[in-house]
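**Student:** This is a predicted model, with the sequence first.
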2 protein chains.
Amino acid sequence: MERVYNFSAGPAVIDESVLQKAASELFCYPGKGMSVLEMSHRTGMFMDIYNSAIALFREVMGVPDTHELLFLHGGATMQFAGVPLNLLTGSRVADYLDTGNFAHLAAEEAKKYGTVNTIASSRADNYTYIPSLAGLLFTPEADYVHITTNNTIYGTRFVALPDTGSVPLVADASSNILSEPMDVSRFGVIYAGAQKNIGPAGVAVLIVRRDLLGKASPQCPKVLDWALQSKNESMLNTPNTFAIYMVKLVCEWMKEAGGVPAFYERNLAKAKLLYDAIDASKLFTNPVQPQYRSLMNVTFVTGDEAKDDAFCKFCQKNGVANIKGHRNVGGMRASIYNAMPMAGVQKLVDLMAQFEKEAL
Amino acid sequence: MERVYNFSAGPAVIDESVLQKAASELFCYPGKGMSVLEMSHRTGMFMDIYNSAIALFREVMGVPDTHELLFLHGGATMQFAGVPLNLLTGSRVADYLDTGNFAHLAAEEAKKYGTVNTIASSRADNYTYIPSLAGLLFTPEADYVHITTNNTIYGTRFVALPDTGSVPLVADASSNILSEPMDVSRFGVIYAGAQKNIGPAGVAVLIVRRDLLGKASPQCPKVLDWALQSKNESMLNTPNTFAIYMVKLVCEWMKEAGGVPAFYERNLAKAKLLYDAIDASKLFTNPVQPQYRSLMNVTFVTGDEAKDDAFCKFCQKNGVANIKGHRNVGGMRASIYNAMPMAGVQKLVDLMAQFEKEAL
């Protein structure tokens, strides 16, 4: 069977060259006599892979030496607890910006461990925008301020960062990490599940300013204790070795293709193609305030559930998969992460035009 | 390069037929147009894989309907916290049997969440045996009793289970699950990191008696909350989809080859071949009390560090990898999990004889 264009929100499309390399080495890693799946994480052969993954990710993302980089078990949801367990231990107050379902869940999880102030929310408007950053009332003594840089379900993104002064800014960047330049030095913590732009599911990337290590609650499970994981190079216990290997391959592919700046250009062009098609359409609309449109997750609806359904089926039949929107928004969602080629977006836009012609 | 015989304690050898199947489908899963790495966990195509993995694991392991089966993030070490966070919430007292490094670490982690009574220990004797189960002083009101059924580092195993009456027995079975018959009905909980007998690293199997669900601490991170994960079919968040797929392949392979009874027979024969060679040797000895010898992890030493080192290098040169023992024991350790063929053990035994002839 031919491969389809896969617009899944995550786990998501991986570049074909990366998949081919992984497939070709899966039975026996070159020169090592065993599969990467069989390598002890304590051996030099795996540490070489781990160190390459770390170095390449640092280079591609631009992670400065002031920040530690770890590959931890679980996804971002595990870090919804990891963040407060590691940081909500001073004043035990944190500020959260409620800009989507995952932002909301992150705040709910943090409430188990301290006081959460939701200082801004677009929940009442079904998260169709990012609340204005002007005049936000931060808690001066807060342990941190938490944002979600891109909202996967709703298709919005922060286009500027809040100025939190000396309070560390913590960001869940699961759905836009590596897709656009990010000035890591402005963040105390960036975390992200890998299964969108970084690799397969089951591992989270954690970037943490080193001076924020060592503040974990005594009740923090040790696998979630960032300082302990830092001391152990992400290997307090057996890490997700295969996922770390895949991160290495993805970073190699990105570096070869020009790194984040090159992907950002491509992502802008892909998003423009799709949003322009939606804006020109008489059938499809995008429910998001234009200035907050995500470059990664593009939501669109017809306003008629039966037509939405018919369009999703039409796509499926024509080699375009996973275009159905999240139930919270309905309609369609096209996730156009780094590994989605322009040709895939063009195919989708063509199908939209064809469907519209037949439907109207 | 040819594949070597890999005696790693974990991540560990995987059967060649399983690796070949995984490699052949990695670029594009048959009939689905995408890699298993790219499948959304919310789609029918992945749920088919998940449901097959669950059904096959239940069948191969003999998990009765009284017990839930989950595939959770992280490994056993994550569940060192998961166990007390889910169960140490009644009397807040638990009994632990200290039979090895991981048993010890499990108890240390539980102390964060309640009172731990170490009711037996072989720590003072470098864990060379399992303490006698006769006359153990259980805490009558304990929330659970915790054991480690096989001690990976020291090469010992429980040959009988403690009778804990109405107190649930909780077992870390990471290094002998699926290698010998286990009567699951005798356990409240069995958990295991996958990377020895089940599949790749980054996922843990959790088997829990259903009446023990719903007792989690309010401070339990939700990804570790077994009842929530049960309600969500292990998908409270994106699971380690690739590892679950690999578990399915491993279970298919095991079922095809006769299931646990067939592997148990093979494992007994493999262990006998190796222990007999050690017992007949004038150079190598096994430091463990014979009645507690593990079928999975066989430790042996020469008593001379330089000779141990020379033997490990000799093995490496001759296609036998990862034979070096854990630093706590020294010498050598051969992990002979289900996927290690008899031919691999025979090769090791031959190398031992050859080395001994040259060394003495």
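**Tutor:** Yep, that arrived. Numbers count the residues shown, from 1 in each chain, chains lettered A, B, ... in the order given.

**Student:** May I see the buried residues of stretch A:301-317?
**Tutor:** Judged by neighbour count using 16 or more other Cβ atoms under 10 Å in any protein chain shown, the buried positions of stretch A:301-317 are A:Val301, A:Thr302, A:Lys307, A:Asp308, A:Phe311, A:Cys312, A:Phe314, A:Cys315. C-beta: built from backbone N, CA, C; applies to glycine.

**Student:** Of all pairs in those, which one is the farthest apart?
**Tutor:** A:Val301 and A:Phe314 (15.2 Å; Cβ to Cβ).

**Student:** where does the stretch 101-250 of chain A dip in pLDDT?
**Tutor:** Counting by pLDDT under 70, the stretch 101-250 of chain A contains no low-confidence residues.

**Student:** residues in it within reach of chain B, list them.
**Tutor:** A:109, A:112-113, A:193, A:195, A:200-203, A:218-219, A:221-224, A:236-243, A:246 (Cβ under 8 Å from any Cβ of the partner chain).

**Student:** Kindly recompute the last result at 6 Å.
**Tutor:** Residues of the stretch 101-250 of chain A lying close to chain B by Cβ under 6 Å from any Cβ of the partner chain are A:112, A:195, A:200-202, A:219, A:221, A:223, A:237-238, A:240-242.

**Student:** Got the domain ranges for chain A?
**Tutor:** A:5-12+A:259-359, A:16-256 (automatic domain parsing).

**Student:** Tell me the span between the first and last residue of the last one.
**Tutor:** Meaning domain A:16-256. 14 Å (Cα to Cα, to the nearest Å).

**Student:** Using CSV, lay out the buried residues of stretch A:301-317 together with pLDDT and secondary structure.
**Tutor:** Formatted as CSV, those follow (pLDDT from 0 to 100; DSSP: H, G, I helix; E, B strand; the rest coil):
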residue, pLDDT, secondary structure
A:Val301, 97, strand
A:Thr302, 96, coil
A:Lys307, 97, helix
A:Asp308, 97, helix
A:Phe311, 98, helix
A:Cys312, 98, helix
A:Phe314, 98, helix
A:Cys315, 98, helix
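
**Student:** closest to B:Ser122 out of the domains of chain A?
**Tutor:** domain A:16-256 (22.8 Å).

**Student:** Distance check, A:Met47 against chain B.
**Tutor:** In this view, A:Met47 and chain B are 13 Å apart by Cβ to the nearest Cβ, to the nearest Å.

**Student:** Mind pulling the model confidence for that residue?
**Tutor:** We have a pLDDT of 97 for A:Met47.

**Student:** since we're on the closest residue in space to A:Thr149 that isn't next to it in sequence, how many residues are nearby?
**Tutor:** Closest residue to A:Thr149 apart from its sequence neighbours, by Cβ to Cβ, 6 or more residues apart in numbering or on different chains: A:Ala173 at 4.6 Å. Other residues lying near A:Ala173 total 27 when counted by other Cβ atoms under 10 Å in any protein chain shown.

**Student:** Starting from chain B, give me the distance back to A:Ala173.
**Tutor:** Counting by Cβ to the nearest Cβ, the gap from A:Ala173 to chain B is 16 Å.

**Student:** Quick check, that residue in contact with A:Ala192.
**Tutor:** Yes - with contacts counted by Cβ atoms under 6 Å, A:Ala173 reaches A:Ala192, the gap being 4.8 Å.

**Student:** I'd like to know which residues of the stretch 251-360 of chain A are adjacent to chain B.
**Tutor:** So the stretch 251-360 of chain A meets chain B at A:Asn322 (Cβ under 6 Å from any Cβ).

**Student:** hey, where'd the helices end up in the stretch 251-360 of chain A?
**Tutor:** Applying DSSP state H, counting those that start in this stretch to the stretch 251-360 of chain A gives helices spanning A:259-280, A:305-317, A:342-359.

**Student:** Now for A:Ala204, which secondary structure element holds it?
**Tutor:** In this assignment (DSSP states H and E), A:Ala204 forms part of strand A:203-209.

**Student:** If you count contacts, what does that strand end up packed against?
**Tutor:** strand A:67-73, strand A:189-193 (3 or more Cβ pairs under 6 Å, 6 or more residues apart in numbering or on different chains; DSSP states H and E).

**Student:** Give me whichever of the ones you listed is most buried.
**Tutor:** Mean neighbours per residue, mean count of other Cβ atoms under 10 Å in any protein chain shown, is largest over the helices and strands packed on strand A:203-209 for strand A:189-193, with a mean of 27.

**Student:** Tell me, how many residues neighbour A:Ser217?
**Tutor:** Applying other Cβ under 10 Å, I find that A:Ser217 has 19 neighbouring residues.

**Student:** swap that for A:Phe7, sorry
**Tutor:** 26.

**Student:** Now do stretch A:189-199: distance to the chain's middle.
**Tutor:** 5 Å (Cα atoms, centre = their mean, to the nearest Å).

**Student:** Also stretch A:122-135?
**Tutor:** Distance, centroid of stretch A:122-135 to centroid of chain: 20 Å (Cα atoms, centre = their mean).

**Student:** next one: stretch A:21-34
**Tutor:** Taking mean C-alpha positions (Cα atoms, centre = their mean), stretch A:21-34 and its chain are 28 Å apart.

**Student:** Report the mean confidence score over that stretch.
**Tutor:** Per-residue scores along stretch A:21-34 average to 97.

**Student:** got a list of contacts for that stretch?
**Tutor:** Applying Cβ atoms under 6 Å, 6 or more residues apart in numbering or on different chains, the contact partners of stretch A:21-34 are A:35-36, A:45, A:249, B:1, B:3-4, B:6, B:19-20, B:22-23, B:26-27.
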